[in-house]
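1. need coordinates for the following:
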Amino acid sequence: MIRQTLVSILLTYVQFFFPFLTYADTFKAKRTDSLYHAVVAADQTADYTSIQEAIDNAPQYCRIPYRVLVKNGDYNEVVLIPREKSFIHLIGQDKEKTRIHFKLNVQSAPKLDSKSYKTDTAAWRFSVHNPQAAVYRFPGAVVSVNSDDFYAENISFINDWGFEQRSGPQALALRIQADRAAFNNCIFRSFQDTWMTSTRKPNDRVYVYNCWVEGAVDYFYGGGNAYVEQSTLYNLRSGSVIVAPSHTEETRWGYVFKHCTIDGNSAAADGKLKLGRPWHDRPKAVFLYTRMNIQVSSEGWADMGGIPEIFAEYKSIDSTGKAIGPENRKTHFTNRDNETGISKAALTDSEAASYTYEKVIMGNDRWDPRKFISSNAKIWK
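-> Numbers count the residues shown, from 1 in each chain. Reported below is the predicted structural model:
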């Protein structure tokens, strides 16, 4: 640890007097036989035993990746990546065996006259709003990403409250408030509000490839542009709702799910599953080439706080490969102010063709997170 402290002091000196340099510009990887600048191991066989400790000792304002190898292990901790720690790359060894997890939620104080007083009281013990709780004033998510250019691979992000209790309240595994975040071959588990995408700016981007996202209530929600490919959306209860986006008119694309699979347990397979509902404002969500292994309700979508700009599908199929038509999908919506609006339920060929990786993710700055994926990716479609 003394060596790490000395390196951190030297780095601070370099960055203060030579701000045009970054750690990655001035320091090589610590190991000649690897590409990693730091290694984390829960069994105390590496530089750090916690991921947060590695983040705390990482350089500020990097302009190229600072790679952290996270060895297999249980990391029972809350991780916060602050805005100044840009270009952090967390690389796990095995997504099933490299687990960042913690038990917390955002339960408000229980009310005696509430029908859910008993369950609310149980949740209150682990609430970040409870002054008597060990997690009081903790961030409301297991992992919070506030820095741009974050990347994670081969890691499980788990909120133990949602995963173990299979009930609300909100129990985030991951919250992003940044641009250019990407995830490959990761697992995300909770129950309500598993993953919050960035609401910081209307066109913050997140790219998701070959991941498993699990929950029951609005478990992929928030703002910005999300491009999710070759991933599984796994549902845990009857009447599950997958997405709850909130987009403004400035948001160009919203949520794009392409070549994904919708699946779930037996409780979720009762035909009451919803693709999503509009959280606020004018949300956008499209599902392209989706395989629905469990039945989605015929209406597909539900009302909430806003009126969607577009909630639509293109070439959805069931578990046998049979086409699922959009004829009965919901197109008329009512918001919380009792205002009504219409959203189309199906995309045309030309509309679907416009939802490309290049347009949604690469944008004007030509960000290309696919280049970071070290595993053998499937053919990009």
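2. what is the end-to-end distance of stretch 243-253?
-> 15 Å (Cα to Cα, to the nearest Å).
3. what of stretch 41-54?
-> End-to-end span of stretch 41-54 (Cα to Cα): 10 Å.
4. got the buried residues for it?
-> If you call a residue buried by 16 or more other Cβ atoms under 10 Å, then stretch 41-54 has these buried ones: Ala41, Ala42, Ala46, Asp47, Tyr48, Thr49, Ser50, Ile51, Gln52, Glu53, Ala54. The C-beta positions use only the backbone N, C-alpha and C, and glycine is treated the same way.
5. columns distance to Ile242 and pLDDT on top of these, output as TSV?
-> Output for those, formatted as TSV (distance: Cβ to Cβ, whole Å; pLDDT from 0 to 100):
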residue	distance to Ile242	pLDDT
Ala41	35	98
Ala42	32	97
Ala46	37	95
Asp47	39	95
Tyr48	36	98
Thr49	36	98
Ser50	32	98
Ile51	28	98
Gln52	30	98
Glu53	35	98
Ala54	33	98
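6. and which of those residues is nearest to Thr197?
-> Ile51 (21.2 Å; Cβ to Cβ).
7. pop out the phi and psi values for that closest one.
-> Per-residue torsions, Ile51: phi -70, psi -40 (degrees, to the nearest 10).
8. out of the buried residues of stretch 41-54, who's nearest Ala312?
-> The nearest member of the buried residues of stretch 41-54 to Ala312, counting by Cβ to Cβ, is Ile51 at 38.4 Å.
9. surely the closest one and His101 touch.
-> No: look at Ile51 against His101 with Cβ atoms under 8 Å: they stay out of range, at 11.3 Å.
10. so where is this protein shaky, pLDDT-wise?
-> Scanning the chain for pLDDT under 70 picks out the ranges 1-34, 374-381.
11. the most centrally placed residue in it pairs with what?
-> Most central in the chain under Cα atoms, centre = their mean is Trp195, positioned 4.2 Å from the mean C-alpha point. On the basis of DSSP bridges, Trp195 is bridged to Leu174, Phe220.
12. got it, and Thr340?
-> Thr334.
13. returning to that earlier point: now do the shared contacts for Ile51 and His101.
-> Tyr75 (Cβ atoms under 8 Å, 6 or more residues apart in numbering).
14. returning to that earlier point: surely the residue nearest to the centre of the chain touches Ala181?
-> No: contact between Trp195 and Ala181 fails when scored by Cβ under 8 Å: they sit 10.9 Å apart.
15. on that earlier part again, list the contacts of the residue nearest to the centre of the chain.
-> Contacts of Trp195 (Cβ under 8 Å, 6+ apart): Leu172, Ala173, Leu174, Arg175, Phe188, Val213, Gly215, Tyr219, Phe220, Tyr221, Gly222.
16. ends of stretch 156-167, how far apart?
-> Stretch 156-167: ends 20 Å apart by Cα to Cα.
17. now that stretch, how far from the centre of its chain.
-> 14 Å (Cα atoms, centre = their mean, to the nearest Å).
18. ditto for stretch 104-115
-> 26 Å.
19. what lies in contact with it?
-> Identification of contacts with stretch 104-115 by Cβ under 8 Å, 6+ apart yields 78, 117, 120-121, 123-124, 126-130, 135, 138, 140, 142, 159, 161-162, 168-172.
20. export it as PDB, just CAs?
-> Output of stretch 104-115 as PDB, limited to C-alpha atoms (Å, rounded to 0.1, in the frame of the first residue of the first chain):
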ATOM      1  CA  LEU A 104     -29.500  -1.600   0.100                       C
ATOM      2  CA  ASN A 105     -32.700   0.100  -1.100                       C
ATOM      3  CA  VAL A 106     -34.400   3.500  -1.000                       C
ATOM      4  CA  GLN A 107     -37.400   2.700   1.200                       C
ATOM      5  CA  SER A 108     -39.100   5.700   2.800                       C
ATOM      6  CA  ALA A 109     -40.100   5.600   6.400                       C
ATOM      7  CA  PRO A 110     -42.900   3.100   7.000                       C
ATOM      8  CA  LYS A 111     -46.400   4.400   7.800                       C
ATOM      9  CA  LEU A 112     -48.500   2.500  10.300                       C
ATOM     10  CA  ASP A 113     -51.700   2.900   8.200                       C
ATOM     11  CA  SER A 114     -50.000   1.500   5.100                       C
ATOM     12  CA  LYS A 115     -51.200  -1.800   3.700                       C
END
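21. quick one: buried residues of that stretch?
-> Leu104, Asn105, Val106, Gln107, Pro110.
22. also stretch 360-374?
-> Buried positions in stretch 360-374, judged by neighbour count with 16+ other Cβ under 10 Å: Val360, Ile361, Met362, Gly363, Trp367, Pro369, Arg370, Phe372, Ile373.
23. which of the residues you listed fall in strands?
-> Here DSSP state E is the test, and the buried residues of stretch 360-374 give no hits in strands at all.
24. now stretch 224-238 - C-alpha only, PDB.
-> C-alpha atoms of stretch 224-238 as PDB (Å, rounded to 0.1, in the frame of the first residue of the first chain):
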ATOM      1  CA  GLY A 224     -30.300   9.000 -22.800                       C
ATOM      2  CA  ASN A 225     -29.500   6.700 -25.800                       C
ATOM      3  CA  ALA A 226     -29.100   3.000 -25.000                       C
ATOM      4  CA  TYR A 227     -28.100   0.400 -27.600                       C
ATOM      5  CA  VAL A 228     -28.600  -3.100 -26.300                       C
ATOM      6  CA  GLU A 229     -27.500  -6.000 -28.500                       C
ATOM      7  CA  GLN A 230     -27.600  -9.800 -28.200                       C
ATOM      8  CA  SER A 231     -28.700  -9.600 -24.600                       C
ATOM      9  CA  THR A 232     -31.300 -11.300 -22.400                       C
ATOM     10  CA  LEU A 233     -34.000  -9.500 -20.500                       C
ATOM     11  CA  TYR A 234     -35.100 -11.900 -17.700                       C
ATOM     12  CA  ASN A 235     -38.400 -11.300 -15.900                       C
ATOM     13  CA  LEU A 236     -39.200 -12.500 -12.400                       C
ATOM     14  CA  ARG A 237     -42.900 -12.100 -11.700                       C
ATOM     15  CA  SER A 238     -46.400 -12.000 -13.200                       C
END
